[in-house]
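*Asks:* Provided below are the primary sequence and the corresponding predicted coordinates.
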Amino acid sequence: MNLWLARLIVAVSALLAALPAGAGTLDQIKEKHRIAIGIRETAPPMSYRDQEGKPAGYSVELCQKIVENIGRELGVGDIAIDYVAVTADDRFKAVRSGRIDIECGVTTVTLSRQKEVDFSYFTFITGTELLAKSQAQIRSVNDTANKKVAVIGGTTTEAALTRALSAGNIKAELVRVKDHKEGMDALRSGRADAYAADGVVLIGLALGSPDLDLTVSNDPLSYEPYALMVRRNDPDFRLAVNRALVVLFRSGAVYDVFEHAFGRFLASPGPALKALYAIESIQD
């Protein structure tokens with residue numbers, strides 16, 4: 001072995017030895033006793049802030065349970081949660097950059113998104129639907145001909161809506177908005193005749209607008225499987241998240257989370273969601 005190669009090996013070995021052992025999310029949580037959770041502030045009943053400004057919703061409560069389970073697994077007890085607001089536009093960057101450790105919102109799993117981030121097991125299933133004032137008589141995408149439909153740009157909802165309009169040769173004008181609040185404002189003001197989003201979110205928005213007589217269509221344009229976003233190349237943290245979800249699915253505690261989030265308007269999970277809980281109750 002020549003002298004130059006020997007010196008290189010020594011230098012690299014010294015550098016590796018100086019690096020912190022285990023730079024993964026779990027190691028950071030164990031060291032700091034903290035975790036950063038990304039939430040959506042206006043996507044009830046999945047992820048939002050309640051009237052007191054506290055984070056709430058199905059996805060948020062799932063993540064709170066996950067954090068409790070991780071704390072027990074790591075033997076660190078309570079883990080402080082930093083709630084970080086994210087939007088449809090910046091949620092992926094927030095995960096990739098490390099601004100948040102896990103996103104607990106309303107994100108659909110797609111193959112293209114898995115180039116940027118990783119996902120937990122599925123946590124919910126919904127579909128793209130339409131919300132409109134009852135007098136507008138918009139019950140399906142066919143009723144949007146020559147009307148204006150608001151939708152958050154760059155989302156799977158926009159893609160599903162565009163496909164449905166094209167397939168039906170329906171001429172409707174898309175009004176792109178940045179979030180659910182702007183979508184509801186467009187509907188309320190008449191700037192849009194309907195608002196397209198995931199059905200479960202639309203139900204929450206309708207219930208939160210008692211001053212309006214609203215109707216949610218019952219003709220899904222797509223099926224959207226939700227999951228929790230985490231960083232890529234961190235299998236230990238993803239496994240810890242999935243293990244905690246399995247505990248919730250197996251024990252039936254997920255039904256308590258569901259009732260807490262949806263009890264006002266959905267008596268129990270539908271057949272598809274029940275099947276999801278059963279399928280993902282994976283053995284150790």
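*Replies:* Noted; the coordinates are in hand. On a predicted model such as this, the values are computed, not experimentally measured, just so you know.
*Asks:* now do the helices in this structure.
*Replies:* 3-18, 25-32, 58-74, 91-97, 156-167, 180-189, 199-207, 235-251, 253-262, 271-279 (DSSP state H).
*Asks:* pick the most deeply packed of those.
*Replies:* helix 199-207 (a mean of 22; mean count of other Cβ atoms under 10 Å). For glycine as for every other residue, the C-beta is placed from the backbone atoms N, C-alpha and C.
*Asks:* contacts for that one next, please.
*Replies:* Outside helix 199-207, the residues within contact range by Cβ atoms under 8 Å, 6 or more residues apart in numbering are 43-46, 48, 106, 124, 126-131, 180, 184, 195, 197, 212, 214, 216, 220, 262, 264-266.
*Asks:* tell me the angle that helix makes with helix 58-74.
*Replies:* 120 degrees (axes from the mean of the first three to the mean of the last three Cα atoms, to 10 degrees).
*Asks:* can you give me how far helix 199-207 is from the chain middle?
*Replies:* Centroid separation for helix 199-207 versus its chain: 15 Å, with Cα atoms, centre = their mean, to the nearest Å.
*Asks:* contact partners of the biggest strand by length in the chain?
*Replies:* Determined from DSSP state E, the single longest strand within the chain is strand 118-126. Applying Cβ under 8 Å, 6+ apart, the set of residues contacting strand 118-126 from outside is 46, 58-59, 62, 109, 113, 198-201, 223-234, 238, 241-242, 245-246, 272-273, 276, 280.
*Asks:* likewise for stretch 274-281?
*Replies:* For stretch 274-281, the surrounding residues in contact (Cβ under 8 Å, 6+ apart) are Tyr121, Phe122, Phe124, Ile125, Leu245, Val246, Phe249, Arg250, Val254, Pro269.
*Asks:* so what's the residue count around the fourth one?
*Replies:* Translated: Ile125. If you count neighbours by other Cβ atoms under 10 Å, Ile125 ends up with 18.
*Asks:* hey, what's it bridged with?
*Replies:* Beta bridges link Ile125 to Pro225, judged by DSSP bridges.
*Asks:* which stretches of the stretch 151-284 of the chain have low pLDDT?
*Replies:* By pLDDT under 70, the low-scoring segments of the stretch 151-284 of the chain are 264-265.
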